[in-house]
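>>> Coordinates only, no sequence provided:
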Ligand SMILES: C[S@@+](CC[C@H](N)C(=O)[O-])C[C@H]1O[C@@H](n2cnc3c(N)ncnc32)[C@H](O)[C@@H]1O
């Protein structure tokens, strides 16, 4: 089954591809304290919900949103049109590592996509090139709530050093020249809602399209994902949203 289609179906009910409630999305964007006419950059925007929330929060802001997935960008464009925000956002299909915004941005977001840059430090280095002086970065990054066991690592296709614990993640951020001005750690409820939505919407689609050539694969993918979560990373993998500003004196 095409992985972009699978991801689009899995995110039908939870357009943000990370464990966070709509209220906490709003709070994080508000805490970025951007000017009303902010420039916003969303790297690895997926279906674009963070971008649209930022445009709703900052009424004359403009955004640039980059992703490699045609499917995700199509969905982002449709949603922007439905909410009357199309004229304030430019979608770019391409590699976030290569994108250059026309101007430095007040808010640069990279949620759940640090792997695209090769990890947290490389992401901070890359986003640093795009942030206006005094601007803010929003990073969404996994961390280990507990030391992962083998089933967890297998479910995630991860190795123990793919993530740190939360304190060490923040240490790494500071070492890279940034400091948190706010943050949010996904709660167990936010995780459960995200995972039930992911597996549930995929399963529902398959049950509603019994003759579709991908129906069986969708059920199998939902089952595999659910097993990896329930028998593996539930309560072990954490997710943190960090709003960062540059430490004085660092570049
Ligand atoms: C977990 S999703 C997060 C989407 C969005 N930030 C959110 O929180 O809803 C990661 C996204 O990164 C995109 N991505 C991965 N590598 C990329 C790259 N090199 N350039 C642009 N986008 C990339 C994927 O297509 C996917 O949409």
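On my side now, so go ahead. None of the values given here were measured: they were computed from a predicted structure. Residues are numbered from 1 along each chain as shown.
>>> Quick one: name the residues of the stretch 51-200 of the chain near the ligand.
Within the stretch 51-200 of the chain, the positions adjacent to the ligand are 66, 67, 68, 69, 72, 95, 96, 97, 111, 112, 113, 116 by C-beta under 6 Å from any ligand atom. C-betas here are computed from N, CA, C, even on glycine.
>>> which ones are touching the second one?
Residues counted as contacts of residue 67 (C-beta atoms under 8 Å, 6 or more residues apart in numbering) are 44, 45, 46, 48, 73, 76, 91, 92, 93, 96.
>>> Over to the residue of the chain found nearest the ligand: give its phi and psi.
Nearest residue of the chain to the ligand (C-beta to the nearest ligand atom) works out as residue 46 at 2.6 Å. Main-chain torsions, residue 46, degrees, to the nearest 10: phi 60, psi -140.
>>> quick one on the thing from earlier: among the contacts of residue 67, who's most crowded?
Counting neighbours by other C-beta atoms under 10 Å, residue 45 leads these with 29 neighbours.
>>> pLDDT wise, what is that residue at?
You'll see residue 45 listed with a pLDDT of 97.
>>> Also residue 70?
Confidence per residue is given as pLDDT, and for residue 70 that number is 88.
>>> for the one 10 residues further on, same thing?
Per-residue confidence at residue 80 stands at 97 (pLDDT).
>>> what about the strands in the stretch 51-200 of the chain?
Remark: strands assigned in the stretch 51-200 of the chain by DSSP state E, counting those that start in this stretch are 62-67, 89-93, 105-111, 131-144, 178-185.
>>> buried ones in the longest one?
This points to strand 131-144. Residues of strand 131-144 classed as buried under the neighbour-count rule (16 or more other C-beta atoms under 10 Å) are 131, 135, 136, 137, 138, 139, 140, 141, 142, 143, 144.
>>> Is stretch 206-225 positioned near the ligand?
No - Stretch 206-225 is not in contact with the ligand by C-beta under 6 Å from any ligand atom; minimum separation 13.4 Å.
>>> From the chain's centroid, how far away is that stretch?
Centroid separation for stretch 206-225 versus its chain: 25 Å, with C-alpha atoms, centre = their mean, to the nearest Å.
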